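Chemist: Model the following, please.
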Amino acid sequence: MEHYTNINAMVQAADLTLPPPEKEPDRQYYFIKKLQQHIAQKEQEKGRKLTCNIKTFGCQMNARDSEKILGILQTIGYEETDSEQADLVLYNTCTVRENANLKVYGRLGQLKRYKSKNPDMLTILCGCMMQEPEVIERIKKSYRNVDIIFGTHNIFKLAELLAMRLFDQDAKRMIIDIWKDTTEIVEELPNSRKYSFKGGVNIMFGCNNFCSYCIVPYVRGRERSREPEDIIEEIKGMVADGVVEVMLLGQNVNSYGKTLEHPISFAQLLRQVEQIEGLERIRFMTSHPKDLSDELIEVMSQSDKICKHLHLPLQSGSSRLLKIMNRHYTKESYLELVDKIRAKNPDIALTTDIIVGFPGETEEDFADTMDVVEKVQYDSAFTFIYSKRTGTPAAAMEDQVPEEVVKERFDRLLERVQQIAAVHAGKDVGKVVEVLVEEQNGQDASLMTGRTSQNYVVHFPGETCLIGKIIPVKLIESKGFYYMGEQA
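Modeler: Take a look at the predicted model:
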C-alpha cells in the first residue's frame, strides 16, 4: 500500500476523546481510527477478517478513484476479496454510456439476494452515475438495500460516511451525500495500487469543455488543477516505493494549470516530472486536440521518459459534426496537428476515440471520418455507437440516426480500424524494444506479459522475478494486436 505521506502515523495521532476535526484530511483520519476499532471488534466476534469487494466501471479516472477507496477500506481493516458476497460491496460507477448504467442495475438486483442472506452486508454506490438525480430516485425506489451513496467530488469522505452509517442511530437506512460541484481537493489519504511498479496520479479533476454529447462535465464538475509541488511530492513518494512508470490523469491534461493561482502549462509540469530521479516512464491521458500545444509536442520529442504513445480523441472526421459536438477543431486542423506530432515524434503510436451515429450524421459525414482514419493510420481506435445521455445538448437534438444505419457504419469502421491496426502491429517485428514486464500471462504461466513504450502488449518466455523491470525484448511475431517475443 502506498503512503506518500506518513498517513498511518496521522491516523494513530487522532484523538477520539475530542469531537472530529473540521479540517481535511484530519477529519477523515479521525473517522478511520474510529472505524479501525469497530472493525477489530467485529473481527473478534466473527472470528475472521471482514472483507470488501470493489467493482469499477468506466475510465482510468474511476480506476484511480477505486485505488483510493480500497486504500481507505484496507486501512480501516477490511481485506479485499473477489467475491461479491463480501461484508462490504462497493460499485464505482460510470455513466458515459447507457450500457454502463444497465450493468449496475443488473448487479444491484443480484446484491439484493446476497444481502437477504447476510443482513449485516454493506452496499455502497459511488461515481459518475450517482451524480444524476434520476438515478438516485430510481435507487431509492427500487433498491432500498443500498446503504451509502456518494458521488465523484467527495470520495475522500468515505470513512466519515461509513461511520455515519454504522454509529449514528438517527441516520436513515440509506445515506446519500451528493455534491453538485466543489473546488476542494483532498489527496492525503491512503490508496492501494494494483501494481507496485506503476500507478496513476491525478493532476486535475473535472472538465470545462462541455462537448454536446458528453455527460462528464455535469458529473465530474468544473476543471480544477492540483498544485505542481503536490503532484511532484506524490510521484517522488511513489518512486521511493518502487514505482518506475506513472500515468498522469485528467479529463483534459492539456489544459492543466489554467485554474491555478500561478498558472503553468502541462508541458512545464512534464519537465518537472521528468527531473524525478528513479522514474523511468511517463504516460498521460486524456489529451484534447484543441489544447495540444507546440510546446508539448517539443517536450515529448526531447524526452527519454515520456512514452511514445498519444491518445488523441477524434470523435468525428466531419467538420460540420465537430462544430455541433462543440469540439473546437476541424477535420483539417486535426490532420495538421497529427502531421506536426509525427514530424517531431516519428515513432509515436497514435490511438483515438470515434463516435458513430451522432445525431444528424450523414453518409458524407461518416465518409469524412473514414477519410481521417485512412490518413492518420491509427495504431488502435476505440469505436463507440452514440449513446444518448439525458441532460446533454445532443440528447435533445432531432434527426437521430436509424439504428440499422448506425450499426452498418459501425461495422464498416471497426473492420477498417482493425485492418490498419493489424498492419501497424507487424511493423516492429525483428526489433529489440524496451518492455515493462507487468505480470505472468493468464493463459500460459511460462510467459510474461509487458508493454512497450508505444503501449503494445508483448508476451515472451520469462520468470516472475522480471515483473516490474524494464528489459530488452526482441519482437519475434505479430499476432495482430500483440507481439510474441524473446528476451534479447
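
Chemist: For the rest of this, base every contact and every neighbour count on C-alpha atoms.
Modeler: Noted.

Chemist: Quick check: chain neighbours aside, which residue is closest to K344?
Modeler: Nearest non-adjacent residue to K344, counting by Cα to Cα, 6 or more residues apart in numbering: S301, 5.7 Å away.

Chemist: What helix or strand is the one you found located in?
Modeler: Counting by DSSP states H and E, the element that carries S301 is helix 294-302.

Chemist: Which strands or helices does that helix pack on?
Modeler: helix 266-274, helix 331-344 (3 or more Cα pairs under 8 Å, 6 or more residues apart in numbering; DSSP states H and E).

Chemist: Report the separation between the nearest residue to S478 once chain neighbours are set aside and R107.
Modeler: Nearest residue to S478, sequence neighbours excluded (Cα to Cα, 6+ apart): G426, at 5.1 Å. Taking Cα to Cα, to the nearest Å as the measure, G426 falls 40 Å from R107.

Chemist: So between these two, which is more surrounded?
Modeler: G426 (18 against 12; other Cα atoms under 10 Å).

Chemist: How much space separates that one from Q268?
Modeler: Taking Cα to Cα, one finds G426 at 35 Å from Q268.

Chemist: what's the answer for I124, then?
Modeler: Going from I124 to Q268 by Cα to Cα gives 39 Å.

Chemist: Any regions of the chain where pLDDT drops low?
Modeler: Low-confidence segments of the chain (pLDDT under 70): 1-5, 169-172.

Chemist: Show me where it has its helices.
Modeler: 7-12, 26-46, 60-76, 98-117, 133-142, 158-167, 216-220, 228-240, 266-274, 294-302, 319-324, 331-344, 363-376, 403-425 (DSSP state H).

Chemist: any idea how far the longest one is from the chain center?
Modeler: Pointing back at helix 403-425 there. Helix 403-425 sits 25 Å away from the centroid of its parent chain (Cα atoms, centre = their mean, to the nearest Å).

Chemist: Of all the residues in it, which ones are buried?
Modeler: Neighbour-count burial for helix 403-425, with 16 or more other Cα atoms under 10 Å as criterion, is recorded at 406, 409-410, 413, 417-418, 420-422, 424-425.

Chemist: can you tell me which of the helices of the chain comes nearest to T452?
Modeler: Closest approach to T452 among these is made by helix 403-425 (11.8 Å; Cα to Cα).

Chemist: and the angle from that closest one to helix 363-376?
Modeler: Here the directions of helix 403-425 and helix 363-376 differ by 10 degrees (axes from the mean of the first three to the mean of the last three Cα atoms, to 10 degrees).

Chemist: Show me what helix 403-425 is packed up against.
Modeler: Applying 3+ Cα pairs under 8 Å, 6+ apart, one finds that helix 403-425 contacts strand 349-356, helix 363-376, strand 380-385.

Chemist: ranking those by burial, who's on top?
Modeler: Compared across these, strand 349-356 shows the largest average neighbour count, a mean of 20 (mean count of other Cα atoms under 10 Å).

Chemist: and that strand, C-alpha only, in PDB?
Modeler: Extracted in PDB, the C-alpha atoms of strand 349-356 (Å, rounded to 0.1, in the frame of the first residue of the first chain):
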ATOM      1  CA  ALA A 349       1.800   5.400 -31.700                       C
ATOM      2  CA  LEU A 350      -1.400   7.300 -32.100                       C
ATOM      3  CA  THR A 351      -4.700   6.000 -30.700                       C
ATOM      4  CA  THR A 352      -8.200   7.600 -30.700                       C
ATOM      5  CA  ASP A 353     -11.900   7.500 -29.900                       C
ATOM      6  CA  ILE A 354     -14.500   7.700 -32.600                       C
ATOM      7  CA  ILE A 355     -18.300   8.000 -32.200                       C
ATOM      8  CA  VAL A 356     -20.600   6.600 -34.900                       C
END
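
Chemist: Mind putting the buried residues of helix 403-425 into JSON lines with distance to L18?
Modeler: Shown next, in JSON lines, are the buried residues of helix 403-425 (distance: Cα to Cα, whole Å):
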{"residue": "V406", "distance to L18": "61"}
{"residue": "R409", "distance to L18": "64"}
{"residue": "F410", "distance to L18": "60"}
{"residue": "L413", "distance to L18": "62"}
{"residue": "V417", "distance to L18": "61"}
{"residue": "Q418", "distance to L18": "61"}
{"residue": "I420", "distance to L18": "64"}
{"residue": "A421", "distance to L18": "61"}
{"residue": "A422", "distance to L18": "63"}
{"residue": "H424", "distance to L18": "62"}
{"residue": "A425", "distance to L18": "61"}
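
Chemist: so what's the backbone phi/psi at Y386?
Modeler: phi -50, psi 130 (degrees, to the nearest 10).

Chemist: okay, now it: neighbour count?
Modeler: The criterion is other Cα under 10 Å. On that basis, Y386 has 19 neighbouring residues.

Chemist: Pop the domain breakdown of the protein in here.
Modeler: If you go by the TED database, the domain ranges for the chain are 1-193, 307-425, 429-485.

Chemist: E280 is nearest to which of those domains?
Modeler: E280 lies closest to domain 429-485 among those, at 8.7 Å (Cα to Cα).

Chemist: Can you give me the first-to-last residue distance of the closest one?
Modeler: Start-to-end span of domain 429-485 (Cα to Cα) is 9 Å.

Chemist: Over to stretch 116-126?
Modeler: Across stretch 116-126, the straight-line distance between its terminal residues is 22 Å, by Cα to Cα.

Chemist: neighbour count winner among I124 and Q268?
Modeler: I124 (21 against 16).

Chemist: I figured the more buried one hits Y91, correct?
Modeler: Yes - the pair I124 and Y91 passes the contact test of Cα atoms under 8 Å, sitting 6.4 Å apart.

Chemist: just to revisit the earlier point, so the residue nearest to S478 versus L413, what's the distance?
Modeler: With distances taken as Cα to Cα, G426 is found 20 Å from L413.

Chemist: same check, this time on V435
Modeler: Relative to L413, V435 is positioned 31 Å away (Cα to Cα).

Chemist: how about E398, phi and psi?
Modeler: Main-chain dihedrals, E398, degrees, to the nearest 10: phi -80, psi 180.

Chemist: so what's it closest to, chain neighbours aside?
Modeler: Nearest residue to E398 in three dimensions, chain neighbours excluded: P359, at 6.8 Å (Cα to Cα, 6+ apart).

Chemist: so the one you found touches D399, yeah?
Modeler: Yes - look at P359 against D399 with Cα under 8 Å: they come within range, at 5.6 Å.

Chemist: Between the two, which has more neighbouring residues?
Modeler: Per other Cα under 10 Å, whichever of P359 and D399 has more neighbours is P359, with 21 against 10.

Chemist: In contact with the more buried one: list those residues for me.
Modeler: Contacts for P359 (Cα atoms under 8 Å, 6 or more residues apart in numbering) come out as 394, 397-401.

Chemist: how about JSON lines for these, with distance to N53 added?
Modeler: Formatted as JSON lines, the contacts of P359 follow (distance: Cα to Cα, whole Å):
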{"residue": "A394", "distance to N53": "36"}
{"residue": "M397", "distance to N53": "40"}
{"residue": "E398", "distance to N53": "42"}
{"residue": "D399", "distance to N53": "43"}
{"residue": "Q400", "distance to N53": "39"}
{"residue": "V401", "distance to N53": "40"}
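
Chemist: Of these, select the buried ones using a ChimeraX command.
Modeler: Taking 16+ other Cα under 10 Å as the burial criterion, the selection of buried members of the contacts of P359 in ChimeraX is written as:
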select :394,400,401
